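*Asks:* Below is the sequence, then the predicted model.
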Amino acid sequence: MVFDIGLTLLVVAVAVWTIAARDTFAAVIGFVAFGLLLALAWVRLAAPDVALTEAALGSGVTGVVLLGASTRLRHAEISAADKKPGAMLRAAAAVLCTVVSAGLAAIVLVLPHPAPTLAPQAAANMAATGLGNPVTAVLMAYRAIDTLLETVVLLLALLGLWSLTPDPFWGGLPGRRHHDDPDGVLTFAAQLLVPVGILVGIHIFWVGSVAPGGEFQGATILAAMWILAAMAGLVDAPPVSRRWLRLILVAGPAVFFTIGLAGFAMAGGFLAYPESHAKLLIVMIEVPVTLSIAATLALLVAGPPDRMPQQ
Amino acid sequence: MSDATVYGLCSGILVGLGLFGLIVHPEPLRKILAFNLIGGGVFLLFGVVARRGAAAGFGGDPVPQALVITGLVVAFAATALAVALLRRLFQETGRTTLRSDG
(Lines give C-alpha, C1' and ligand atoms only; values in the text may rest on other atoms or scores of the structure.)
Protein backbone atom coordinates (compact mmCIF):
# COMPACT_ATOMS: atom_id res chain seq x y z
CA MET A 1 0.00 0.00 0.00
CA VAL A 2 2.77 2.43 0.93
CA PHE A 3 4.59 1.45 -2.26
CA ASP A 4 1.44 2.02 -4.31
CA ILE A 5 0.83 5.48 -2.83
CA GLY A 6 4.49 6.40 -3.40
CA LEU A 7 4.37 5.13 -6.99
CA THR A 8 1.17 7.00 -7.83
CA LEU A 9 2.58 10.21 -6.32
CA LEU A 10 5.67 9.76 -8.50
CA VAL A 11 3.52 9.11 -11.59
CA VAL A 12 1.51 12.27 -10.93
CA ALA A 13 4.69 14.29 -10.28
CA VAL A 14 6.21 13.21 -13.59
CA ALA A 15 2.91 13.92 -15.38
CA VAL A 16 2.89 17.45 -13.88
CA TRP A 17 6.46 17.90 -15.13
CA THR A 18 5.41 16.77 -18.62
CA ILE A 19 2.69 19.42 -18.69
CA ALA A 20 4.57 22.20 -16.88
CA ALA A 21 8.11 21.92 -18.32
CA ARG A 22 9.11 25.03 -20.28
CA ASP A 23 10.98 23.14 -22.94
CA THR A 24 9.29 20.57 -25.22
CA PHE A 25 12.36 18.34 -25.15
CA ALA A 26 12.30 18.25 -21.34
CA ALA A 27 8.57 17.49 -21.46
CA VAL A 28 9.21 14.51 -23.76
CA ILE A 29 11.86 13.18 -21.37
CA GLY A 30 9.24 13.49 -18.64
CA PHE A 31 6.79 11.54 -20.78
CA VAL A 32 9.27 8.67 -21.27
CA ALA A 33 9.81 8.47 -17.51
CA PHE A 34 6.02 8.62 -17.08
CA GLY A 35 5.62 5.58 -19.35
CA LEU A 36 8.23 3.57 -17.44
CA LEU A 37 6.63 4.39 -14.07
CA LEU A 38 3.24 3.48 -15.50
CA ALA A 39 4.69 0.11 -16.54
CA LEU A 40 5.52 -0.46 -12.85
CA ALA A 41 1.94 0.47 -11.98
CA TRP A 42 0.72 -2.17 -14.45
CA VAL A 43 2.83 -4.80 -12.69
CA ARG A 44 1.22 -3.76 -9.39
CA LEU A 45 -2.19 -4.11 -11.04
CA ALA A 46 -1.35 -7.74 -11.93
CA ALA A 47 -1.20 -6.97 -15.66
CA PRO A 48 2.34 -7.96 -16.73
CA ASP A 49 1.29 -8.24 -20.40
CA VAL A 50 0.20 -4.60 -20.36
CA ALA A 51 3.35 -3.62 -18.44
CA LEU A 52 5.52 -5.05 -21.22
CA THR A 53 3.51 -3.22 -23.89
CA GLU A 54 3.59 0.04 -21.94
CA ALA A 55 7.35 -0.08 -21.38
CA ALA A 56 8.23 -1.10 -24.94
CA LEU A 57 5.65 0.79 -26.96
CA GLY A 58 4.02 3.45 -24.77
CA SER A 59 7.31 4.66 -23.35
CA GLY A 60 10.12 3.41 -25.60
CA VAL A 61 9.02 3.59 -29.22
CA THR A 62 6.61 6.51 -28.69
CA GLY A 63 9.52 8.27 -26.94
CA VAL A 64 11.75 7.81 -29.99
CA VAL A 65 9.11 9.39 -32.26
CA LEU A 66 8.48 12.32 -29.91
CA LEU A 67 12.17 12.96 -29.15
CA GLY A 68 12.94 13.08 -32.88
CA ALA A 69 10.06 15.45 -33.51
CA SER A 70 10.94 17.71 -30.55
CA THR A 71 14.48 18.32 -31.82
CA ARG A 72 13.43 18.91 -35.44
CA LEU A 73 10.50 21.16 -34.59
CA ARG A 74 12.32 23.04 -31.84
CA HIS A 75 12.20 26.48 -33.42
CA ALA A 76 8.66 26.09 -34.68
CA GLU A 77 7.52 25.08 -31.21
CA ILE A 78 9.22 28.07 -29.63
CA SER A 79 7.53 30.47 -32.05
CA ALA A 80 4.15 28.82 -31.46
CA ALA A 81 4.66 29.21 -27.71
CA ASP A 82 4.14 33.01 -27.97
CA LYS A 83 0.43 32.57 -28.38
CA LYS A 84 -0.23 31.44 -24.83
CA PRO A 85 -3.85 31.75 -23.72
CA GLY A 86 -4.73 34.46 -21.19
CA ALA A 87 -4.99 34.05 -17.44
CA MET A 88 -8.79 33.88 -17.59
CA LEU A 89 -8.79 30.98 -20.02
CA ARG A 90 -6.10 29.17 -18.02
CA ALA A 91 -8.11 29.55 -14.83
CA ALA A 92 -11.27 28.32 -16.55
CA ALA A 93 -9.36 25.33 -17.96
CA ALA A 94 -7.96 24.54 -14.51
CA VAL A 95 -11.46 24.57 -13.00
CA LEU A 96 -12.86 22.40 -15.80
CA CYS A 97 -10.05 19.86 -15.49
CA THR A 98 -10.37 19.71 -11.71
CA VAL A 99 -14.06 18.94 -12.15
CA VAL A 100 -13.24 16.17 -14.64
CA SER A 101 -10.63 14.68 -12.27
CA ALA A 102 -12.98 14.89 -9.29
CA GLY A 103 -15.76 13.28 -11.33
CA LEU A 104 -13.54 10.38 -12.33
CA ALA A 105 -12.30 9.97 -8.76
CA ALA A 106 -15.91 9.87 -7.54
CA ILE A 107 -16.73 7.18 -10.11
CA VAL A 108 -13.73 5.13 -8.96
CA LEU A 109 -14.92 5.38 -5.35
CA VAL A 110 -18.47 4.21 -6.09
CA LEU A 111 -17.60 1.30 -8.42
CA PRO A 112 -19.95 -1.64 -7.72
CA HIS A 113 -19.14 -4.44 -5.27
CA PRO A 114 -18.54 -7.18 -6.23
CA ALA A 115 -16.93 -5.97 -9.44
CA PRO A 116 -18.35 -7.38 -12.68
CA THR A 117 -15.80 -9.68 -14.32
CA LEU A 118 -15.41 -11.96 -17.30
CA ALA A 119 -12.46 -13.80 -15.71
CA PRO A 120 -14.45 -16.99 -14.85
CA GLN A 121 -15.74 -17.29 -18.43
CA ALA A 122 -12.23 -16.66 -19.76
CA ALA A 123 -10.87 -19.38 -17.48
CA ALA A 124 -13.65 -21.84 -18.31
CA ASN A 125 -12.97 -21.80 -22.05
CA MET A 126 -9.19 -21.54 -22.02
CA ALA A 127 -8.66 -25.28 -22.44
CA ALA A 128 -10.52 -25.10 -25.78
CA THR A 129 -8.03 -22.54 -27.14
CA GLY A 130 -4.95 -24.53 -26.11
CA LEU A 131 -3.46 -21.33 -24.62
CA GLY A 132 -2.19 -20.77 -21.08
CA ASN A 133 -2.20 -16.96 -21.01
CA PRO A 134 -5.72 -15.55 -20.59
CA VAL A 135 -4.80 -12.20 -22.20
CA THR A 136 -3.53 -13.95 -25.32
CA ALA A 137 -6.70 -16.06 -25.32
CA VAL A 138 -8.77 -12.84 -25.37
CA LEU A 139 -6.61 -11.27 -28.09
CA MET A 140 -6.40 -14.31 -30.35
CA ALA A 141 -9.62 -16.23 -29.68
CA TYR A 142 -12.45 -14.56 -27.73
CA ARG A 143 -11.97 -11.12 -29.23
CA ALA A 144 -9.87 -12.03 -32.26
CA ILE A 145 -11.93 -9.65 -34.40
CA ASP A 146 -10.59 -6.69 -32.36
CA THR A 147 -7.04 -7.84 -33.00
CA LEU A 148 -7.72 -8.35 -36.72
CA LEU A 149 -9.16 -4.84 -37.00
CA GLU A 150 -6.23 -3.46 -35.04
CA THR A 151 -3.70 -4.88 -37.49
CA VAL A 152 -5.71 -3.14 -40.22
CA VAL A 153 -5.72 0.14 -38.26
CA LEU A 154 -1.90 -0.04 -38.04
CA LEU A 155 -1.71 -0.45 -41.81
CA LEU A 156 -4.10 2.46 -42.33
CA ALA A 157 -1.93 4.65 -40.09
CA LEU A 158 1.10 3.72 -42.20
CA LEU A 159 -0.83 4.52 -45.39
CA GLY A 160 -1.75 7.89 -43.91
CA LEU A 161 1.90 8.52 -43.02
CA TRP A 162 3.15 7.55 -46.48
CA SER A 163 0.54 9.76 -48.13
CA LEU A 164 2.35 12.73 -46.54
CA THR A 165 5.41 12.02 -48.73
CA PRO A 166 6.57 15.04 -50.75
CA ASP A 167 6.12 14.43 -54.52
CA PRO A 168 9.82 13.96 -55.49
CA PHE A 169 10.33 11.20 -52.92
CA TRP A 170 7.23 9.13 -53.70
CA GLY A 171 8.11 5.47 -53.13
CA GLY A 172 11.54 6.44 -51.78
CA LEU A 173 13.39 5.68 -48.54
CA PRO A 174 12.09 6.82 -45.16
CA GLY A 175 14.25 8.66 -42.65
CA ARG A 176 17.82 9.84 -42.77
CA ARG A 177 20.70 7.52 -43.62
CA HIS A 178 22.72 7.41 -40.43
CA HIS A 179 26.47 7.15 -40.66
CA ASP A 180 27.91 6.49 -37.29
CA ASP A 181 31.57 6.07 -36.48
CA PRO A 182 32.19 2.33 -37.13
CA ASP A 183 34.35 2.21 -33.99
CA GLY A 184 31.92 4.33 -31.97
CA VAL A 185 29.96 3.40 -28.90
CA LEU A 186 26.58 3.39 -30.65
CA THR A 187 27.77 1.00 -33.37
CA PHE A 188 29.31 -1.25 -30.75
CA ALA A 189 26.14 -1.22 -28.66
CA ALA A 190 24.01 -1.98 -31.72
CA GLN A 191 26.25 -4.85 -32.80
CA LEU A 192 26.10 -6.28 -29.30
CA LEU A 193 22.45 -5.63 -28.50
CA VAL A 194 20.63 -6.30 -31.75
CA PRO A 195 21.24 -10.07 -31.98
CA VAL A 196 20.33 -10.50 -28.30
CA GLY A 197 17.30 -8.21 -28.73
CA ILE A 198 16.03 -10.19 -31.70
CA LEU A 199 16.23 -13.38 -29.64
CA VAL A 200 14.44 -11.69 -26.74
CA GLY A 201 11.74 -10.40 -29.11
CA ILE A 202 11.13 -13.86 -30.56
CA HIS A 203 11.13 -15.35 -27.07
CA ILE A 204 8.60 -12.81 -25.75
CA PHE A 205 6.39 -13.51 -28.75
CA TRP A 206 6.67 -17.29 -28.34
CA VAL A 207 6.05 -17.51 -24.58
CA GLY A 208 2.99 -15.27 -25.00
CA SER A 209 0.79 -18.35 -25.33
CA VAL A 210 1.52 -19.47 -21.76
CA ALA A 211 3.19 -16.53 -19.98
CA PRO A 212 3.21 -12.71 -20.13
CA GLY A 213 4.19 -11.65 -23.63
CA GLY A 214 2.71 -12.03 -27.06
CA GLU A 215 2.84 -10.79 -30.60
CA PHE A 216 2.53 -7.07 -29.85
CA GLN A 217 5.28 -7.03 -27.23
CA GLY A 218 7.56 -9.26 -29.29
CA ALA A 219 6.94 -7.23 -32.44
CA THR A 220 7.72 -3.98 -30.62
CA ILE A 221 11.08 -5.33 -29.45
CA LEU A 222 11.90 -6.56 -32.98
CA ALA A 223 10.98 -3.13 -34.37
CA ALA A 224 13.14 -1.44 -31.71
CA MET A 225 16.12 -3.59 -32.72
CA TRP A 226 15.71 -2.50 -36.33
CA ILE A 227 15.52 1.15 -35.22
CA LEU A 228 18.71 0.74 -33.17
CA ALA A 229 20.55 -0.90 -36.06
CA ALA A 230 19.38 1.87 -38.41
CA MET A 231 20.48 4.62 -35.99
CA ALA A 232 23.91 3.05 -35.77
CA GLY A 233 24.09 3.01 -39.58
CA LEU A 234 24.33 -0.78 -39.71
CA VAL A 235 21.26 -1.13 -41.91
CA ASP A 236 19.35 1.23 -44.18
CA ALA A 237 15.62 1.41 -44.72
CA PRO A 238 14.35 -0.15 -47.96
CA PRO A 239 12.41 1.98 -50.46
CA VAL A 240 8.77 1.75 -49.42
CA SER A 241 7.78 0.77 -52.95
CA ARG A 242 9.53 -2.62 -52.71
CA ARG A 243 7.11 -5.48 -53.29
CA TRP A 244 8.63 -7.79 -50.63
CA LEU A 245 8.19 -5.02 -48.05
CA ARG A 246 4.54 -4.55 -48.99
CA LEU A 247 4.07 -8.33 -48.75
CA ILE A 248 5.49 -8.42 -45.21
CA LEU A 249 3.21 -5.55 -44.22
CA VAL A 250 -0.01 -7.16 -45.47
CA ALA A 251 0.90 -10.81 -44.70
CA GLY A 252 -0.36 -10.64 -41.10
CA PRO A 253 -3.80 -9.13 -41.71
CA ALA A 254 -4.22 -11.24 -44.90
CA VAL A 255 -3.46 -14.56 -43.18
CA PHE A 256 -5.58 -13.50 -40.18
CA PHE A 257 -8.53 -12.68 -42.45
CA THR A 258 -8.14 -15.87 -44.53
CA ILE A 259 -8.08 -18.15 -41.48
CA GLY A 260 -11.01 -16.13 -40.13
CA LEU A 261 -13.00 -16.85 -43.29
CA ALA A 262 -11.96 -20.51 -43.19
CA GLY A 263 -13.61 -20.55 -39.75
CA PHE A 264 -17.00 -20.59 -41.51
CA ALA A 265 -16.16 -23.96 -43.07
CA MET A 266 -14.19 -25.41 -40.13
CA ALA A 267 -16.20 -24.31 -37.10
CA GLY A 268 -19.28 -22.50 -38.34
CA GLY A 269 -18.36 -18.86 -37.82
CA PHE A 270 -15.97 -16.03 -38.71
CA LEU A 271 -12.72 -16.42 -36.73
CA ALA A 272 -14.01 -19.61 -35.10
CA TYR A 273 -11.40 -22.30 -34.60
CA PRO A 274 -12.11 -26.05 -34.46
CA GLU A 275 -11.18 -27.13 -30.94
CA SER A 276 -8.74 -29.83 -32.08
CA HIS A 277 -6.60 -27.37 -34.07
CA ALA A 278 -7.14 -24.10 -32.21
CA LYS A 279 -3.56 -23.72 -30.97
CA LEU A 280 -2.07 -24.56 -34.37
CA LEU A 281 -4.30 -22.04 -36.17
CA ILE A 282 -3.54 -19.35 -33.58
CA VAL A 283 0.21 -19.84 -34.05
CA MET A 284 -0.26 -19.79 -37.84
CA ILE A 285 -1.91 -16.38 -37.44
CA GLU A 286 0.52 -15.05 -34.83
CA VAL A 287 3.74 -15.62 -36.78
CA PRO A 288 2.88 -13.46 -39.84
CA VAL A 289 1.01 -10.96 -37.65
CA THR A 290 4.13 -10.47 -35.49
CA LEU A 291 6.26 -9.88 -38.59
CA SER A 292 3.74 -7.45 -40.06
CA ILE A 293 3.34 -5.50 -36.83
CA ALA A 294 7.11 -5.29 -36.32
CA ALA A 295 7.59 -3.95 -39.87
CA THR A 296 4.67 -1.52 -39.54
CA LEU A 297 5.89 -0.15 -36.20
CA ALA A 298 9.44 0.32 -37.51
CA LEU A 299 8.17 2.15 -40.60
CA LEU A 300 5.84 4.32 -38.52
CA VAL A 301 8.90 5.41 -36.52
CA ALA A 302 10.96 5.96 -39.69
CA GLY A 303 8.36 8.42 -41.02
CA PRO A 304 7.34 9.29 -44.57
CA PRO A 305 9.90 8.74 -47.36
CA ASP A 306 12.17 11.77 -47.79
CA ARG A 307 14.97 10.67 -50.16
CA MET A 308 15.43 8.54 -53.27
CA PRO A 309 17.77 5.55 -53.60
CA GLN A 310 21.22 6.72 -54.72
CA GLN A 311 22.02 5.65 -58.27
CA MET B 1 -9.45 1.76 0.37
CA SER B 2 -7.87 -0.97 -1.73
CA ASP B 3 -4.66 -0.77 -3.72
CA ALA B 4 -6.61 -0.58 -6.97
CA THR B 5 -8.51 2.47 -5.71
CA VAL B 6 -5.23 4.37 -5.27
CA TYR B 7 -4.45 3.83 -8.97
CA GLY B 8 -8.05 4.73 -9.84
CA LEU B 9 -7.64 8.14 -8.16
CA CYS B 10 -4.30 8.53 -9.94
CA SER B 11 -5.96 7.85 -13.31
CA GLY B 12 -8.51 10.59 -12.63
CA ILE B 13 -5.74 13.09 -11.90
CA LEU B 14 -3.87 12.07 -15.07
CA VAL B 15 -6.91 12.63 -17.28
CA GLY B 16 -7.45 16.09 -15.71
CA LEU B 17 -3.77 17.03 -16.10
CA GLY B 18 -3.70 15.89 -19.72
CA LEU B 19 -6.88 17.78 -20.52
CA PHE B 20 -5.41 20.94 -18.97
CA GLY B 21 -2.26 20.60 -21.08
CA LEU B 22 -4.33 20.01 -24.20
CA ILE B 23 -6.25 23.26 -23.62
CA VAL B 24 -3.52 25.65 -22.47
CA HIS B 25 -0.49 24.62 -24.56
CA PRO B 26 -0.39 26.40 -27.93
CA GLU B 27 2.46 24.18 -29.21
CA PRO B 28 1.05 21.24 -31.19
CA LEU B 29 3.71 18.80 -29.97
CA ARG B 30 2.80 19.63 -26.38
CA LYS B 31 -0.82 18.95 -27.26
CA ILE B 32 0.13 15.51 -28.60
CA LEU B 33 2.04 14.83 -25.35
CA ALA B 34 -0.93 15.98 -23.27
CA PHE B 35 -3.25 13.78 -25.30
CA ASN B 36 -1.03 10.80 -24.56
CA LEU B 37 -1.26 11.64 -20.84
CA ILE B 38 -5.06 11.51 -21.09
CA GLY B 39 -4.68 8.15 -22.83
CA GLY B 40 -2.42 6.90 -20.05
CA GLY B 41 -5.05 7.90 -17.47
CA VAL B 42 -7.88 6.20 -19.36
CA PHE B 43 -5.86 3.00 -19.80
CA LEU B 44 -4.98 3.02 -16.10
CA LEU B 45 -8.70 3.27 -15.25
CA PHE B 46 -9.23 0.15 -17.39
CA GLY B 47 -6.44 -1.52 -15.42
CA VAL B 48 -8.19 -0.67 -12.14
CA VAL B 49 -11.46 -2.13 -13.41
CA ALA B 50 -9.55 -5.24 -14.54
CA ARG B 51 -7.80 -5.57 -11.17
CA ARG B 52 -11.09 -5.32 -9.30
CA GLY B 53 -12.42 -8.14 -11.49
CA ALA B 54 -9.75 -10.56 -10.28
CA ALA B 55 -11.34 -14.01 -10.17
CA ALA B 56 -10.86 -17.63 -11.20
CA GLY B 57 -7.23 -17.58 -10.15
CA PHE B 58 -6.34 -14.61 -12.40
CA GLY B 59 -4.88 -11.44 -10.93
CA GLY B 60 -7.25 -9.39 -13.05
CA ASP B 61 -10.01 -9.63 -15.63
CA PRO B 62 -8.13 -10.44 -18.88
CA VAL B 63 -10.70 -8.79 -21.16
CA PRO B 64 -10.03 -5.13 -20.21
CA GLN B 65 -6.30 -5.94 -20.04
CA ALA B 66 -6.38 -7.15 -23.65
CA LEU B 67 -8.37 -4.03 -24.60
CA VAL B 68 -5.63 -1.85 -23.10
CA ILE B 69 -2.94 -3.64 -25.14
CA THR B 70 -4.99 -3.00 -28.28
CA GLY B 71 -5.48 0.61 -27.16
CA LEU B 72 -1.76 1.20 -26.55
CA VAL B 73 -0.89 0.03 -30.06
CA VAL B 74 -3.57 2.23 -31.64
CA ALA B 75 -2.47 5.20 -29.50
CA PHE B 76 1.07 4.77 -30.78
CA ALA B 77 -0.12 4.62 -34.41
CA ALA B 78 -2.19 7.77 -33.89
CA THR B 79 0.76 9.58 -32.25
CA ALA B 80 3.11 8.63 -35.11
CA LEU B 81 0.57 9.88 -37.66
CA ALA B 82 0.00 13.13 -35.74
CA VAL B 83 3.75 13.79 -35.53
CA ALA B 84 4.13 13.09 -39.26
CA LEU B 85 1.31 15.54 -40.06
CA LEU B 86 3.01 18.15 -37.91
CA ARG B 87 6.39 17.69 -39.58
CA ARG B 88 4.80 17.93 -43.02
CA LEU B 89 3.02 21.13 -41.97
CA PHE B 90 6.38 22.51 -40.85
CA GLN B 91 8.01 21.51 -44.17
CA GLU B 92 5.25 23.25 -46.13
CA THR B 93 4.79 26.43 -44.10
CA GLY B 94 7.80 26.69 -41.80
CA ARG B 95 5.43 26.94 -38.85
CA THR B 96 3.50 24.48 -36.72
CA THR B 97 0.84 26.79 -35.35
CA LEU B 98 -2.73 25.57 -35.51
CA ARG B 99 -4.18 29.11 -35.73
CA SER B 100 -5.85 29.93 -39.02
CA ASP B 101 -5.23 33.70 -38.74
CA GLY B 102 -1.47 33.12 -38.49
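*Replies:* Yep, it's here.
*Asks:* Nearest residue to the middle of chain A?
*Replies:* By Cα atoms, centre = their mean, the mean C-alpha position of chain A lies nearest to A:Leu57, the distance being 3.8 Å.
*Asks:* Surely that residue touches B:Phe76?
*Replies:* Yes - here A:Leu57 lies in contact with B:Phe76, judged by Cβ atoms under 8 Å, at a distance of 5.3 Å. All C-beta spots, glycine's among them, are computed from the backbone N, C-alpha and C.
*Asks:* which residues are common contacts for the two?
*Replies:* Taking Cβ atoms under 8 Å, 6 or more residues apart in numbering or on different chains as the contact rule, A:Leu57 and B:Phe76 both touch A:Leu297.
*Asks:* Run the chain-centre distance for the strand or helix carrying A:Thr136.
*Replies:* Element membership for A:Thr136 (DSSP states H and E) is helix A:134-137. Distance, stretch centre to chain centre, for helix A:134-137: 18 Å (Cα atoms, centre = their mean, to the nearest Å).
*Asks:* now do stretch B:45-62
*Replies:* For stretch B:45-62, the distance to the chain centre is 20 Å (Cα atoms, centre = their mean).
*Asks:* Now do the buried residues in that stretch.
*Replies:* B:45-56, B:58-62 (16 or more other Cβ atoms under 10 Å in any protein chain shown).
*Asks:* What about chain A: which of those touch it?
*Replies:* B:45, B:47-56, B:58-62 (Cβ under 8 Å from any Cβ of the partner chain).
*Asks:* Which of the residues you listed fall in helices?
*Replies:* Judged by DSSP state H, the subset of those located in helices is B:45, B:47-52, B:62.
*Asks:* any residues touching stretch A:125-134, and which ones?
*Replies:* Contacts to stretch A:125-134, defined as Cβ under 8 Å, 6+ apart, come from residues A:49, A:119, A:122-123, A:137, A:140-142, A:208-214, A:273, A:275, A:278-279, A:282, B:58, B:62.
*Asks:* Show me which of those residues are buried.
*Replies:* A:49, A:119, A:122-123, A:137, A:140-142, A:208-209, A:212-214, A:273, A:278-279, A:282, B:58, B:62.
*Asks:* what residue ranges in chain B score low on pLDDT?
*Replies:* For chain B, the stretches flagged by pLDDT under 70 are B:1, B:96, B:98-102.
*Asks:* Would you state the helices of it in chain order?
*Replies:* Under DSSP H, chain B gives helices at B:3-24, B:28-52, B:62-93.
*Asks:* Which one of the ones you listed lies nearest to A:Arg74?
*Replies:* Of all the helices of chain B, helix B:28-52 sits nearest to A:Arg74, with 9.6 Å by Cβ to Cβ.
*Asks:* Need the three-state assignment for A:Asp306.
*Replies:* Secondary structure, DSSP: H, G, I helix; E, B strand; the rest coil: A:Asp306 is strand.
*Asks:* To what extent is it buried, counted in neighbours?
*Replies:* 18 (other Cβ atoms under 10 Å in any protein chain shown).
*Asks:* hmm, which two among the ones next to chain A among the buried residues of stretch B:45-62 are most spread apart?
*Replies:* Between all members of those, the farthest pair (by Cβ to Cβ) comes out as B:Leu45 and B:Ala56, at 22.3 Å.
*Asks:* starting at the chain centroid, how far to stretch B:26-39?
*Replies:* So, by Cα atoms, centre = their mean, the centroid of stretch B:26-39 is 9 Å from its chain's centroid.
*Asks:* what does that stretch rub up against?
*Replies:* Taking Cβ under 8 Å, 6+ apart as the rule, stretch B:26-39 contacts A:15, A:18-19, A:24, A:27-28, A:31, A:34, A:62, A:66, A:69-70, A:73, A:77, A:80-85, B:14-15, B:17-22, B:25, B:71, B:75, B:79, B:82-83, B:86, B:96-98.
*Asks:* what does stretch A:225-233 give?
*Replies:* Where contact means Cβ under 8 Å, 6+ apart, the residues beyond stretch A:225-233 that reach it are A:61, A:64, A:175, A:177-180, A:186-187, A:189-191, A:193-194, A:197-198, A:201, A:235-237, A:294, A:298, A:301-302.
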